[in-house]
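Engineer: coords please:
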Amino acid sequence: MAKVAFIGLGVMGYPMAGHLARKGHQVTVYNRSPGKAEQWMGEYAGSSAPTPREAAQGAELVMCCVGNDDDLRSVILGEQGAFAGMAPGAILVDHTTASADVARELAAIAAERGLGFLDAPVSGGQAGAVNGVLTVMVGGEQQAYAAAEPVIQCYARMIRLMGPAGSGQLSKMVNQICIAGLVQGLAEGLNFAQRAGLDAHALVDVISKGAAQSWQMENRYKTMLAGEFDFGFAVDWMRKDLSIVLEESRRNGAQLPVTALVDQFYADVQGMGGGRWDTSSLLARLQRDR
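Structural biologist: Model (predicted):
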């Protein structure tokens, strides 16, 4: 069993750290809001630390799952950051959805300190984290990946090394590009079905057995039709992710017309007060004038 630190106990990190503890790893957690760390310790076997540096001291692996590039730098760099507490040979595994640039930046700093670094964003949402069935896309060196993979398996059903530092984040960008288009297509289809007078539930039962089937269709159509969006992956988070995607596309020349359009549709949902709604709330935007 490994000695592990987990930094960031949000809707994803909280259950992910829990899976590590349940599998017998020695886990020390850090969260900016101490109350969340106390709550976690009341539910799982482990300890907490007042700073990322202290959480990382003595850890073989330091897992991190925070909000964005700036949050990431704030808990990893500086006198109280995780890097300052890690011993040479330790590995930081970053599960934050962030930019490929910050992944490469942190990987370079880690190498200078004799540390390993993996950018390892996840897909599967809160349910995937709770159930321990996340998909993990990893960028970094093979040696660090081989050491970290058995521990990551505690909360994943699919893990793959995609290439050098930054490759995990680039892979997650592709994931978000695909999801954006799928959710908009599903929203348009359901809206069309309702306006055409079709039984939308019966319709999905039929087309989900054919080429139109998707995870979004199987897991979201019922709540979409019920107008329930107060759960799941928030629109605000998706817009953060899509801003990273669109910035990267401006650099690499990839054309993302559908992604850019759906990003604007999500801006409309935010304008409706739905920033914390699930991403499937694109249907609510289409139904505004009903």
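Engineer: point out where this protein drops to low pLDDT.
Structural biologist: Confidence mapping of the chain against pLDDT under 70 gives the ranges 289-290.
Engineer: the strands in it, which residues?
Structural biologist: Secondary structure of the chain (DSSP state E): strands located at 3-7, 26-30, 47-48, 61-64, 91-94, 116-119, 122-123, 134-139, 156-163.
Engineer: make a markdown table from these and add distance to Lys36 to it.
Structural biologist: All C-beta atoms are positioned from the backbone trio N, CA, C, and that covers glycine. As requested, these are arranged in a markdown table below (distance: least, C-beta to C-beta, whole Å):
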| stretch | distance to Lys36 |
| --- | --- |
| strand 3-7 | 12 |
| strand 26-30 | 9 |
| strand 47-48 | 9 |
| strand 61-64 | 15 |
| strand 91-94 | 19 |
| strand 116-119 | 24 |
| strand 122-123 | 19 |
| strand 134-139 | 20 |
| strand 156-163 | 22 |
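Engineer: can you put those in a markdown table and add mean neighbour count and distance to Gly271?
Structural biologist: Supplementary listing: these in a markdown table, determined by neighbours: other C-beta atoms under 10 Å; distance: least, C-beta to C-beta, whole Å:
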| stretch | mean neighbour count | distance to Gly271 |
| --- | --- | --- |
| strand 3-7 | 27 | 34 |
| strand 26-30 | 25 | 36 |
| strand 47-48 | 16 | 39 |
| strand 61-64 | 27 | 32 |
| strand 91-94 | 27 | 32 |
| strand 116-119 | 28 | 32 |
| strand 122-123 | 22 | 27 |
| strand 134-139 | 25 | 31 |
| strand 156-163 | 17 | 35 |
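Engineer: and the gap between Gly181 and Arg104?
Structural biologist: For Gly181, the distance to Arg104 equals 27 Å [C-beta to C-beta, to the nearest Å].
Engineer: quick one, longest helix in this protein?
Structural biologist: Assignment by DSSP state H gives helix 167-195 as the longest helix of the chain.
Engineer: okay, the angle between that helix and strand 134-139?
Structural biologist: Using axes from the mean of the first three to the mean of the last three C-alpha atoms, to 10 degrees, one finds that helix 167-195 and strand 134-139 are set 140 degrees apart in direction.
Engineer: list the buried residues for helix 167-195?
Structural biologist: 167-173, 175-177, 179-180, 182-187, 189-191, 193-194 (16 or more other C-beta atoms under 10 Å).
Engineer: and if you look at stretch 105-125?
Structural biologist: Under the neighbour-count criterion of 16+ other C-beta under 10 Å, stretch 105-125 has 105-107, 110, 115-125 buried.
Engineer: farthest pair in those?
Structural biologist: By the measure C-beta to C-beta, these have their two most distant members at Leu115 and Gly125, which lie 29.7 Å apart.
Engineer: contacts only, for Ile91.
Structural biologist: Residues touching Ile91, when contacts are defined by C-beta atoms under 8 Å, 6 or more residues apart in numbering, comprise Glu60, Leu61, Val62, Leu115, Gly116, Phe117, Leu118, Ala144, Ala147, Ala148.
Engineer: and the gap between it and Arg220?
Structural biologist: The span separating Ile91 from Arg220 equals 35 Å under the rule C-beta to C-beta.
Engineer: Ala103 now?
Structural biologist: Distance of Ala103 to Arg220, computed by C-beta to C-beta: 30 Å.
Engineer: so these two - more neighbours on which side?
Structural biologist: More neighbours surround Ala103 than the other of Ala103 and Arg220, with 28 against 24 (other C-beta atoms under 10 Å).
Engineer: list the contacts of that one.
Structural biologist: With contacts taken as C-beta under 8 Å, 6+ apart, Ala103 has the following neighbours: Asp94, Phe117, Asp119, Gly139, Ala165, Gly166, Gly168, Gln169.
Engineer: which residue comes closest to the first one once chain neighbours are left out?
Structural biologist: With C-beta to C-beta, 6 or more residues apart in numbering as the measure, Cys64 is the residue that lies nearest to Asp94, at 4.9 Å, once sequence neighbours are left out.
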